[in-house]
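Student: Sequence first, predicted coordinates after that:
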Amino acid sequence: QVQLVESGGGLVQAGGSLRVSCAASGGTFSLYNVGWFRQAPGKERECVAAIMRSGGPSYYADSVKGRFAISRDNSKNTVYLQMNSLKPEDTAVYYCAADLSLVKFTTTPPQPHYWGQGTQVTVSS
């Protein structure tokens, strides 16, 4: 059983930066692929970034390419999402999720087995 806890959300002005973290416990973290998802009011949850268990090639949604960077530190059981050049449309609750299978990140709705509780990111204009 893996527990995921996000932190680092908050309020930032447009153009600013924020880093959110996802700390894992209760399992062998290095075995899991990890993704960051977001959900804005009235919208579906979407995967914005994902990183393989090995830290290999990552996935980014087109809307965040060049602005967001996902990374992981398996020694700390933590995955990070560095968000730069933030826009008001990035406002959402951000969730991290983990699964042994990357396929689970691509379904609609996404179906990774483990989810964190979410952290609010608000970008003011």
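Tutor: Thanks, I have the structure now. Numbering: from 1, shown residues only.
Student: where's the closest residue in space to residue 64 that isn't next to it in sequence, which helix or strand?
Tutor: In space, and not counting its chain neighbours, residue 64 is closest to residue 48: 5.0 Å by Cβ to Cβ, 6 or more residues apart in numbering. C-beta: built from backbone N, CA, C; applies to glycine. Following DSSP states H and E, the helix or strand that holds residue 48 is strand 46-51.
Student: The helix or strand following that strand packs against which elements?
Tutor: Sequence-wise, the next helix or strand downstream of strand 46-51 (DSSP H and E) is strand 59-60. Applying 3 or more Cβ pairs under 8 Å, 6 or more residues apart in numbering; DSSP states H and E, one finds that strand 59-60 contacts strand 46-51.
Student: hmm, 10 Å instead?
Tutor: Counting contacts by 3 or more Cβ pairs under 10 Å, 6 or more residues apart in numbering; DSSP states H and E, strand 59-60 is packed against strand 33-39, strand 46-51, strand 68-73.
Student: which residues sit against it?
Tutor: The contact list for strand 59-60, computed with Cβ atoms under 10 Å, 6 or more residues apart in numbering, reads 33, 35-36, 47-52, 65-70, 102, 105-106.
Student: For stretch 6-18, list the C-alpha coordinates in PDB.
Tutor: Listed in PDB are the C-alpha atoms of stretch 6-18, where the atom choice follows Å, rounded to 0.1, in the frame of the first residue of the first chain:
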ATOM      1  CA  GLU A   6       1.400  16.500  -2.000                       C
ATOM      2  CA  SER A   7       2.800  19.700  -0.700                       C
ATOM      3  CA  GLY A   8       3.900  23.100  -2.100                       C
ATOM      4  CA  GLY A   9       0.800  24.500  -3.600                       C
ATOM      5  CA  GLY A  10      -0.300  28.000  -3.100                       C
ATOM      6  CA  LEU A  11      -1.100  31.400  -4.700                       C
ATOM      7  CA  VAL A  12       1.300  32.900  -7.200                       C
ATOM      8  CA  GLN A  13       1.000  35.700  -9.800                       C
ATOM      9  CA  ALA A  14       1.000  35.000 -13.500                       C
ATOM     10  CA  GLY A  15       4.500  34.500 -14.800                       C
ATOM     11  CA  GLY A  16       5.700  33.200 -11.400                       C
ATOM     12  CA  SER A  17       7.000  29.800 -10.400                       C
ATOM     13  CA  LEU A  18       6.000  27.100  -8.000                       C
END
